[in-house]
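Asks: Fold the following, please.
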Amino acid sequence: MSDFRGYAAFELEERTEEDCSRVGAGFLSLGLGTPRVWRNGVVALAHAQRVMTPEDRAERQPIEDSAGRVILFDGYLFEPSPLIADLGLRPQTPDSQIAAAWLDRYGFDALPKLKGDYCFALWDTRERRLYVLVAPMAQRIVYWYARPKGFWFATTLSALHQFPSVPKTLDPLQLALHFTASVADPADTLYKDIRLVPPGTYLTADTHGVREQTFWRLDTRRRLSLPTPQAYVETARDLLDQAVQRSLRCAAPPGVLMSGGLDSSGVAATAARLLDPARLSTYTVEPPPGHAIGSRTGWYDQERPYVEALAARYPNIHSHFCHSTDPASIEMDPTPFFVAGSRMQFTANQIGWFDPACRAAQQNGHAVLLTGGAGNLTLSFNGLRGLGDFARTGRLDKLIQLLPGAARFRQGTLWGTLKTEVLLPALPPKLRAALWRWRHPGEEPSTKYAAIRSDFAREVGLSAVREALGDDALSLYTTDSRKLIAHLVGAQRVRPIESHRMITAYYGFEIRDPLGDPDLTEFCLAIPREHYLLGGVQRSLARRVLADRLPPALLAERGYGQQNPEWFARLSAQRESFAADIERLANVPLAADMLDLPRLKQLIDTWPTDAETAQARRFDYQVLLTRAVQTGRFIRWATGGNQ
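Replies: Numbers count the residues shown, from 1 in each chain. Purely as a prediction, here's the structure:
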């Protein structure tokens, strides 16, 4: 990922010497080259390159074409060669120039056909108009701030905040939405008056103001019917191969952040087949020797046997196993994340567990790390919410046929599966929220999964916003599995993209997720729901698709691998720092207003005695406590608190 920023002063009074001098300041991201700057009397643009593809070495952005348009580009096109031939460009033309030439010929209306993982900004000198765009399903976003006669933008919040004219005022409502993992408008940010351009969106800015337009979104009404179950498998395999091939377009061999599960193993196996005989390095985090780990029904904590089985099947896979005995520095002090991204990173403790693997990949010179994070919503969707689709559409025959096997697959009960996947999601959200309030007088549903004060949730409008969205804060959403997935890989996915951008800034490598490829995602959303539960087998499609490339033992595994299984030991090492920060946050007004500090103190005071005992309260400590503390640390940093 490269970085860019710029501003347009459509009237002289919006042009300041401070902004002009800061446009070329160094970006707060690791691995970037020296910024290059282009200016005229209206705009100032800057671009700093990070080499991700071979063609990036020839990039000299910002670039100006013969029509007087200047482009800033970050990312890569999936298949540049056909585009180069179609446009009559020279071989090895950088992607920024391909995109500019393509837009000149086909225009913005054809944008869904320009496939890739990219964002760009284009200044049209003749029209005195700025365009900012993010590709469908891209792992990129662009932040922006506008006044009536001025417009500022950047690929990271920290780069945008380097402009003195851009305010840095936190928005309490957006802070509460982010903290409770809620999304109202995906273009909103933690800061008042600062928005972002989500994937599949472009905006224009000129003297008439800013106009935003969505040009692509997942179609939940589309249906795909193929003649046989095997036809779905073969089509999915082709799309998986295509998605991984696209992600391998990089200047140096990528690494794979790998577990023993279906998703990352499927990505690694596919990449190994496509790269053979070239080496593919994988990085797996495992518990350090001798650490006590609490048992968890339906989960396993040793990834190594499955990773080694895959490596035995593909000789070009070189496995790296990593662990740490102490918390990572960013767990104890996430300030470097805040500086790099100007936003909170409440998963800092989870990222800290991955830190040894990230450091190993960094030391081995990888510019790209592949993951399989989107798989649970695409190729390896477990199919359970599809049961609600059958009930909702009157397909009771399918529900009766598949429900018993789906329930037994992971030792669930028939009633428990029916209640969780069909009946509760079918209740109106307002009724679910009302039932919660009846059982928990005075508390808002948001408090179930977040240490947020109920009165704060009401005062800033969080409860009203969630109610208007039909979101009961209980993570049930809807019985329509396609709408649920479209929300999670669309609006909700913007927040993980922001986190990935911070990780790139901190470690210097780009994260790519082939299982979030737009063509693969569209296919997985459109096919009949029963293909995810054939024979009552959860994640049936992925198991059948990957049968030609994964070891039998991995395909047959019914449990889920635990991330950070030694979490209790890691958090126990941070108990004192958590306690100290909770005390300090009482003196940070916004943090004290939002966070349920008494609840957090009680967790500190009732700390479990050992890993086995702690497992019953895993969510309270591993998720609720750490997210609250890391959020409080961000508020303290962002508001200048020094207590």
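
Asks: Just the buried residues of stretch 29-43, please?
Replies: Buried residues in stretch 29-43, defined by neighbour count with 16 or more other CB atoms under 10 Å: Ser29, Gly31, Leu32, Pro35, Arg36, Trp38, Val42, Val43. C-beta here means a position set from N, CA and C on the backbone, and glycine is covered the same way.

Asks: repeat for stretch 162-176
Replies: So stretch 162-176, judged by 16+ other CB under 10 Å, has buried residues Gln162, Phe163, Ser165, Val166, Leu170, Asp171, Pro172, Leu173, Gln174, Leu175, Ala176.

Asks: circling back to that earlier point, would you mind putting the buried residues of stretch 29-43 into CSV with secondary structure and distance to Ala312 alongside?
Replies: Shown next, in CSV, are the buried residues of stretch 29-43 (DSSP: H, G, I helix; E, B strand; the rest coil; distance: CB to CB, whole Å):
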residue, secondary structure, distance to Ala312
Ser29, coil, 38
Gly31, coil, 34
Leu32, coil, 39
Pro35, coil, 47
Arg36, strand, 47
Trp38, strand, 53
Val42, coil, 61
Val43, strand, 56
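
Asks: Please identify the helix or strand for Tyr131.
Replies: Element membership for Tyr131, per DSSP states H and E: strand 129-134.

Asks: So what are the sheet partners of that strand and their directions?
Replies: strand 116-124 (antiparallel), strand 201-206 (antiparallel) (DSSP bridges).

Asks: Pull the distance from it to the chain's centre.
Replies: Centroid displacement of strand 129-134 relative to its chain, using CA atoms, centre = their mean, to the nearest Å, is 22 Å.

Asks: after it, next one along is what?
Replies: strand 142-147.

Asks: relative orientation of the next helix or strand after that next one and strand 201-206 in degrees?
Replies: Using DSSP H and E, the helix or strand that follows strand 142-147 towards the C-terminus is strand 150-154. Orientation check (axes from the mean of the first three to the mean of the last three CA atoms, to 10 degrees): strand 150-154 against strand 201-206 gives 150 degrees.

Asks: Tell me what angle strand 150-154 forms with strand 142-147.
Replies: Using the same axes, to 10 degrees: strand 150-154 against strand 142-147 is 160 degrees.

Asks: For strand 150-154, the averaged confidence score.
Replies: Computed over strand 150-154, the mean pLDDT rounds to 96.

Asks: Identify each buried residue in the next helix or strand after that strand, please.
Replies: Later in the chain than strand 150-154, the nearest helix or strand by DSSP H and E is helix 157-161. Residues Leu157, Ser158, Ala159, Leu160, His161 are the ones in helix 157-161 that count as buried (16+ other CB under 10 Å).

Asks: these two touch, right, the fourth one and Ile141?
Replies: No. In this structure, Leu160 sits apart from Ile141 without contact. The criterion is CB atoms under 8 Å, and the distance is 11.4 Å.

Asks: Report how many residues lie close to the nearest residue to Thr335 once chain neighbours are set aside.
Replies: Distances taken as CB to CB, 6 or more residues apart in numbering place Trp637 nearest to Thr335, at 6.2 Å, with adjacent residues excluded. Using other CB atoms under 10 Å, Trp637 has 18 neighbouring residues.
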